[in-house]
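# quick one: sequence plus predicted model below, questions after.
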Amino acid sequence: MELKGKRIAVLVDNLYQEMEVWYPYFRFKEAGAEVVAVGARAGTTYASKLGYPILCDVSYDEVKAQDYDGVVIPGGFAPDHIRRHERANQFVKEMDDQGKLVAAICHGLWVPCSAHILKGRRVTCFFAIKDDVIHAGGLYEDSEVVVDNNLVSSRKPEDLPAFCRSAIEVLSKAAVAV
C-alpha cells in the first residue's frame, strides 16, 4: 500500500464533478491513505452536478496543512464556490508552501489561481479556464497531466488515471505528515 500513513484532503462543495471527487477518493483509499472530505461546513452534505451526495468531514476553519500530506481539488462548478472561502485558499497556499501535494483537475485550477500559487508554474486545466490560469501566472500546457514539483494538474475526467498515478507518485516520495 504505497500511501499507508498518508492523509489527503479532498475539497468539496455543491456542483462538484462526480468522477473528479470519487475516483481519487477511492483510488487513494485503495492505496492505503486516509481521505477526508473538507468543505465550508463539517457535517454538511454537498451535491454533485448530478445530485450525488458527499458528506463533509471537516471544515476549512478546522483543517491545518501540517496535518495533511496532500490536497485534491476537483472540477465542476464547485471550485468557484470553494475559492470564495479565504480559508480554503489559505489552506491550499500553506500546502504548497510546505511542498505537499496540490492536485487540481479541470476547473479545480480556479482554486490555485485564487491561492496565488501558479506564477511561473507549468499546469494544465479544462480549456475554458485557460485564460484564468494564464492571468494567474501559470504556464499553460494542453497535456493529459502536468507535474511541476508538488503541483499536479489535469484537464478532464478522461485524464483521471494519469492524474491519480502522478499524484500517488508525488505522495510516495514525500515524508508522512506528523
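Yep, that arrived.

# when you work out contacts or count neighbours from here on, use the C-alpha atoms and nothing else.
Noted.

# excluding its own residues, what touches stretch 58-66? List them.
Here stretch 58-66 makes contact (CA atoms under 8 Å, 6 or more residues apart in numbering) with 36-43, 87-88, 91, 94-95, 177-178.

# buried subset of those?
36-42, 87-88, 91, 94-95 (16 or more other CA atoms under 10 Å).

# between these, which is nearest Gly108?
Ala88 (12.4 Å; CA to CA).

# so which elements touch the helix or strand where Phe91 lies?
Following DSSP states H and E, one finds Phe91 within helix 86-97. Packing partners of helix 86-97 (3 or more CA pairs under 8 Å, 6 or more residues apart in numbering; DSSP states H and E): strand 70-73, strand 101-105, helix 110-115.

# pLDDT on the second one, on average?
The reference is to strand 101-105. Across strand 101-105, pLDDT averages out at 98.

# return the angle between stretch directions for that strand and helix 86-97.
120 degrees (axes from the mean of the first three to the mean of the last three CA atoms, to 10 degrees).

# in its sheet, what does strand 101-105 sit against?
Paired neighbours of strand 101-105 in the sheet (DSSP bridges): strand 70-73 (parallel), strand 151-154 (parallel).

# next, format these as CSV and append mean neighbour count.
Shown next, in CSV, are those (neighbours: other CA atoms under 10 Å):
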stretch, mean neighbour count
strand 70-73, 28
strand 151-154, 28
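
# among these, which comes closest to Ala128?
Using CA to CA, those put strand 151-154 closest to Ala128, at 13.1 Å.
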